[in-house]
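[1] Predicted model and sequence follow; I will ask about them next.
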Amino acid sequence: MITNFFIPELNNHDVQELWFQQDGATCHTARATIDLLKDAYGDCLISRFGPVNWPPRSCDLTPLDYFLWGYVKLLVYADKPQTLDHFEGNIRRVIADIRPQMLEKVIGNWTSRLDYIRASRGSRMPETIFKM
């Protein structure tokens with residue numbers, strides 16, 4: 001997926017600066033995967049076992065976990081895609097429709113989460129905090 005789809009698709013866009021953040025799923029942090037991502041993104045890789053180590057299973061602090069996957073899944077499956085082309089089209093559309101203002105809110109929420117974790121000295125968050 002990364003070599004056959006993601007990297008070629010990303011190369012079709014004029015991206016000046018890119019950081020790649022991987023979630024903590026075991027299959028995503030296999031040595032072969034991390035080596036591939038290190039070759040592609042160098043020091044701009046945020047991942048377990050990557051140059052910028054991200055705590056495993058930190059769903060309270062990972063925007064991919066607490067926001068993006070659920071948001072995308074909700075919209076991608078809304079019209080119950082029946083073919084792979086329809087499914088891929090939905091993914092592309094949903095990702096393309098994410099606006100900078102939404103991402104600014106996600107980052108604002110992320111900093112609130114960091115503040116909470118700091119104040120509580122690393123304890124888990126008692127409830128989901130996300131404001132749109």
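    It's in.

[2] Who are the packing partners of the helix or strand bottoming out on mean pLDDT in the chain?
    Ranked by mean pLDDT, DSSP states H and E, the weakest helix or strand in the chain is helix 63, scoring a mean of 77. Counting contacts by 3 or more C-beta pairs under 8 Å, 6 or more residues apart in numbering; DSSP states H and E, helix 63 is packed against helix 100-119. Bear in mind the C-beta positions are built from the backbone N, C-alpha and C, glycine included.

[3] buried stuff in the helix it packs on?
    Residues of helix 100-119 classed as buried by neighbour count (16 or more other C-beta atoms under 10 Å): Val106, Asn109, Trp110, Arg113, Ile117.

[4] Report all helices and strands that that helix contacts.
    Looks like helix 100-119 contacts helix 63 (3+ C-beta pairs under 8 Å, 6+ apart).

[5] What segments of the chain are strands?
    20-21, 45-46 (DSSP state E).

[6] Next, count neighbours for Asp43.
    10 (other C-beta atoms under 10 Å).

[7] just checking, it touches Pro51?
    Yes: in this structure, Asp43 is within contact of Pro51 by C-beta atoms under 8 Å, at 4.6 Å.

[8] contact partners of the least confident helix or strand of the chain?
    Applying C-beta atoms under 8 Å, 6 or more residues apart in numbering, the set of residues contacting helix 63 from outside is Gln21, Val106, Ile107, Asn109, Trp110.

[9] What are the boundaries of the helices in the chain?
    Counting by DSSP state H, the chain has helices at residues 7-11, 31-41, 63, 69-76, 84-96, 100-119.

[10] The ones you listed: lowest mean pLDDT?
    Mean pLDDT values for the helices of the chain show the minimum at helix 63, a mean of 77.

[11] I'd assumed Leu64 was in contact with Gln21.
    Yes: contact status for Gln21 versus Leu64: in contact at 6.2 Å, counting by C-beta under 8 Å.

[12] how close does the residue lying closest to Trp110 once chain neighbours are set aside get to Pro8?
    Nearest residue to Trp110 in three dimensions, chain neighbours excluded: Pro63, at 5.6 Å (C-beta to C-beta, 6 or more residues apart in numbering). Pro63 sits 25 Å away from Pro8, taking C-beta to C-beta, to the nearest Å as the criterion.
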